[in-house]
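Asker: Structure of the sequence below:
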Amino acid sequence: MGCFYSVAQMLTRLTCVLAFRMRAFGIGNVPRRGRVVLASNHQSFLDPVLVGVPLPRELRYMARRSLFRRPRFARLLRALGGLAVRRGAADLGAIRAGIGLLRAGQGLVLFPEGTRSADGRVGRFLPGFAVLAARADAPIVPVAIDGAFAAWPRQRRLPRPGRVCVRYGEPLDPPANGRAAAEAAAAAVERRVRALCEELRRIRR
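Answerer: Next comes the predicted model:
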């Protein structure tokens, strides 16, 4: 990705600051290099951009396969680090690709709720992201987004100006292998993201 990613990141960061008065907290909690899973709540289409643009490193993203149907848009998504995955199914190819990216020292952004929130609140975190982290021996950084739902709820076709905040929590150790460990890790990360969201709501008041 290299130069293209850096230029796109700079332009989108400027757009987010101007259009959404974006503020980011806890950037130092995200390792500057090496494998890491960033697990975030999912309020809007803006979320992958909001998670990535404040950080001084490249990231990869898992996005639903339907977004890759248009060839030009698909090329853009891949250039920006997008990785297509089938939603609601065990996409073994995407799982293997995600593990490979992490083992290669990359950062991977995931939205464990599986879909955008219908009301802005944090939903249940599915354990798939914890399975990836366990198999790749990658730490997990909880990420909270607040304000993106008001700026671009799933019922609207286009975003509107707003005030958005992102908060990166302290990294958690890679979970152990096994279903029970993955479910426990998912629940722990979900609780942490909920707490971070409450912090951001107090900041935005």
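
Asker: Could you work out the end-to-end span of stretch 81-92 for me?
Answerer: Across stretch 81-92, the terminal residues are separated by 19 Å (C-alpha to C-alpha, to the nearest Å).

Asker: Give me the next element, helix or strand, following the lowest-mean-pLDDT helix or strand in the chain.
Answerer: Within the chain, no helix or strand scores below helix 71-79, which has a mean of 71 by mean pLDDT, DSSP states H and E. Scanning forward in sequence from helix 71-79 by DSSP states H and E, the next helix or strand is strand 82-85.

Asker: Contacts for that next one next, please.
Answerer: 48, 60-65, 67-68, 74, 77, 91, 94, 97-98, 101 (C-beta atoms under 8 Å, 6 or more residues apart in numbering). Where you see a C-beta, it was placed from the backbone N, CA and C, and this is true even at glycine.

Asker: who touches the residue positioned nearest the centre of the chain in this structure?
Answerer: By C-alpha atoms, centre = their mean, the chain has its centre lying nearest to residue 109, at 3.9 Å. Residues in contact with residue 109 (C-beta under 8 Å, 6+ apart) are 38, 40, 48, 51-52, 59-62, 143.

Asker: and it, what element?
Answerer: strand 107-110.

Asker: Quick check: mean pLDDT of the helix or strand that that strand is followed by?
Answerer: Next in sequence after strand 107-110, counting helices and strands by DSSP H and E, comes helix 128-136. Helix 128-136 shows an average pLDDT of 95 in the prediction.

Asker: for the helix or strand just after helix 128-136, packing partners?
Answerer: Toward the C-terminal end, the helix or strand that comes next after helix 128-136 (DSSP H and E) is strand 140-146. Packed against strand 140-146 by the contact rule (3 or more C-beta pairs under 8 Å, 6 or more residues apart in numbering; DSSP states H and E) you find strand 36-40, helix 47-52, helix 128-136, strand 165-168, helix 179-204.
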